[in-house]
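# Fold the following.
(2 chains)
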Amino acid sequence: MLDNNIYIYLLVASLTLYAIRALPLTFIKGEITNTFIYSFLYYVPYVTLSVMAFPAIITATSNLISGIAAFVVAVIVAYKDGNLFKVALASCIAVYITELLI
Amino acid sequence: MDKNKNYLQGIKDGIPIAMGYFAVAFTLGIAAKNMGMTIAQSGLMSFMLHASAGQFAAMTVIAEQAGYIAMIGAMFVINIRYFLMSCALSQKLNPNTPLWQRMLMSYFVTDEIFGISVSVKGELNPFYPLGAMSVGSPAWLIGTMLGAAVGNILPLSLSSAFGVALYGMFIAVVIPPSRESKTIAIVVLVSMAASALSTVLPVLNTMSSGTKIIILTLIIASAAAIIRPVQPESLLSKEACEDVRQ
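Next up, the predicted model:
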């Protein structure tokens, strides 16, 4: 369905990812001492994951109300118990139940 | 020296990781199918990338045909945490660790592998993470392919429900640290608000989501690093604590 260039895209993604993972392990011997670079790297996952999760989670389901339910339940369960699997499952169940009720 | 012992211990510790991978990969496979990938392509992607958020972003770039530069940019920004993790792991390797072992274990640096590797006492033997990934990687690959295979025979109500699983997991990563750090909580809130705004603001709403992720990450993470710098000294201990808690 997708063009054949999907394989080129995957190769580009794979090489980029490998470079990110391998460069420090093969070349860098000392610790990161630059505070800005360290701090930037420290905050990156939180920003990236937040941006990707919201508002996408709200528009991912077949209607807006179940999407909002998924978001609210995910935040509450994550706040009480950080287990990735439980949070994911809880938000799925929230969508299923909400869509049954509507 | 004790390669076998470390490899076997890695396999043992990798089993619960593999179970988690299977579930996450399954939802990734459903998403891959929805974006038009074949079962084989989804499996190939999982073997080539080994990254949940990264693969999701890669699928977005491919679906939007956003270009190879956008792919490099998206992979770089979204997976830059692996750079930080690899930096931390490089500190735990024996300086005499052969290059081929360093290069091989680099292929398998994930959040979970980092978590168990960095909490090893003393020096890290590369065969420990390799053992863990010798069960984790197949689970990741098979989970993705099964998700892509089963995804389209699921009823709409179930595929709609499973569609939020991946986002739920992203939320599960950012919320618990927000409870303990006000700064992270603000960073998460600002990021979500900016992301929501970017869907309605002119200029930004015409960009692909991959480009938006890059721009928002660069701006918000830089601002946070300037306003609330984190001291590098506790690199190992801090990351280790976070992962143990998860």
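
# right, and B:Q101 touches B:P129 too?
No. Under the criterion of C-beta atoms under 8 Å, B:Q101 is not in contact with B:P129, lying 10.2 Å apart. C-beta here means a position set from N, CA and C on the backbone, and glycine is covered the same way.

# Between these two, which has more neighbouring residues?
Counted by other C-beta atoms under 10 Å in any protein chain shown, B:Q101 and B:P129 do not tie: B:P129 has more neighbours, with 29 against 17.

# What score does B:P16 have for pLDDT?
The predicted local distance difference test score for B:P16 is 75.

# what's the answer for B:V187, then?
97.

# Please apply the same query to the one 4 residues further on.
We have a pLDDT of 97 for B:S191.

# Apart from its chain neighbours, what residue comes closest to it?
Take B:S191 and drop its neighbours on the chain: the residue closest to it by C-beta to C-beta, 6 or more residues apart in numbering or on different chains is A:S50, 3.6 Å away.

# how many other residues sit next to the one you found?
A:S50: 28 surrounding residues under other C-beta under 10 Å.

# where's it, which helix or strand?
helix A:35-53 (DSSP states H and E).

# which parts of that helix are buried?
A:38-53 (16 or more other C-beta atoms under 10 Å in any protein chain shown).

# Same check on stretch A:8-25?
Along stretch A:8-25, the positions that meet the burial threshold by neighbour count (16+ other C-beta under 10 Å) are A:9-10, A:12-14, A:16-18, A:20-22, A:24-25.

# Just those: which are in helices?
Counted as lying in helices by DSSP state H, out of the buried residues of stretch A:8-25, are A:9-10, A:12-14, A:16-18, A:20-22, A:24-25.

# now, which of the buried residues of stretch A:8-25 sits nearest B:A185?
For B:A185, the nearest member of the buried residues of stretch A:8-25 is A:I20. The distance, counting by C-beta to C-beta, is 27.2 Å.

# so what's the closest one up against?
The neighbourhood of A:I20, defined by C-beta atoms under 8 Å, 6 or more residues apart in numbering or on different chains, consists of B:M75, B:F76, B:N79, B:I80, B:Y82, B:F83, B:S86.

# Mind doing that once more with 10 Å?
For A:I20, the contacting residues are B:51, B:54, B:75-76, B:78-86, B:106, B:109, taking C-beta atoms under 10 Å, 6 or more residues apart in numbering or on different chains as the criterion.

# Which of the residues you listed are buried, as a PyMOL select command?
For anyone working in PyMOL, the buried entries among the contacts of A:I20, judged by 16+ other C-beta under 10 Å, can be selected with:
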select buried, chain B and resi 51+54+75+78+79+80+81+82+83+84+85+86+106+109
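
# Of all pairs in the contacts of A:I20, which one is the farthest apart?
If you compare every pair in the contacts of A:I20 using C-beta to C-beta, the most distant one turns out to be B:I78 and B:S106, at 17.5 Å.

# all helices for chain B, in order.
When secondary structure is read from DSSP H, chain B shows helices at B:3-34, B:39-49, B:52-64, B:68-78, B:80-90, B:99-106, B:111-118, B:127-151, B:156-162, B:165-180, B:182-198, B:209-227, B:235-245.

# Do the first one and chain A come into contact?
If I follow you right, that is helix B:3-34. Yes. Interface with chain A: helix B:3-34 contributes B:M19, B:G20, B:A23, B:V24, B:T27, B:A31, B:K33, B:N34 (C-beta under 10 Å from any C-beta of the partner chain).

# What mean pLDDT does stretch B:20-28 get?
Over the span of stretch B:20-28, the pLDDT mean works out to 83.

# how far does it sit from the chain's center?
Its chain's average C-alpha position is 12 Å from that of stretch B:20-28, according to C-alpha atoms, centre = their mean, to the nearest Å.

# give the contact list for the closest residue to B:V190 other than its chain neighbours.
Excluding its sequence neighbours, the residue lying closest to B:V190 (C-beta to C-beta, 6+ apart) is B:I220, at 6.0 Å. B:I220 sits next to A:43-44, A:46-48, A:50-51, B:187-188, B:190-191, B:194-195 when contact means C-beta under 10 Å, 6+ apart.

# Now distance to B:P177 too, for those residues, in CSV please.
Shown next, in CSV, are the contacts of B:I220 (distance: C-beta to C-beta, whole Å):
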residue, distance to B:P177
A:Y43, 11
A:V44, 13
A:Y46, 7
A:V47, 12
A:T48, 14
A:S50, 11
A:V51, 16
B:V187, 10
B:V188, 8
B:V190, 15
B:S191, 13
B:A194, 19
B:S195, 18
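
# out of these, who's nearest A:V75?
When these are compared for distance to A:V75 (C-beta to C-beta), B:V188 comes out closest, at 10.0 Å.

# ok, the closest one touching A:Y79?
No. Applying C-beta atoms under 10 Å, one finds B:V188 not in contact with A:Y79, separated by 11.6 Å.

# okay, and the common contacts of these two?
Residues touching both B:V188 and A:Y79 (C-beta under 10 Å, 6+ apart): B:I171, B:I175, B:S178.

# Hmm, the first one is touching A:I58, no?
No. Judged on C-beta under 10 Å, B:I171 makes no contact with A:I58 at a distance of 11.7 Å.

# So these two - more neighbours on which side?
The residue with the greater number of neighbours, taking B:I171 and A:I58 and applying other C-beta under 10 Å, is B:I171; the counts read 30 against 20.

# and residue 64, what is it in contact with?
Answering for chain A, as no chain was given. A:L64 makes contacts with A:I58, as judged by C-beta under 10 Å, 6+ apart.

# wrong one, I was asking about chain B
Taking C-beta under 10 Å, 6+ apart as the definition of contact, the neighbours of B:E64 are B:M35, B:A70, B:S208, B:S209, B:G210, B:T211.

# No more questions from me, cheers.
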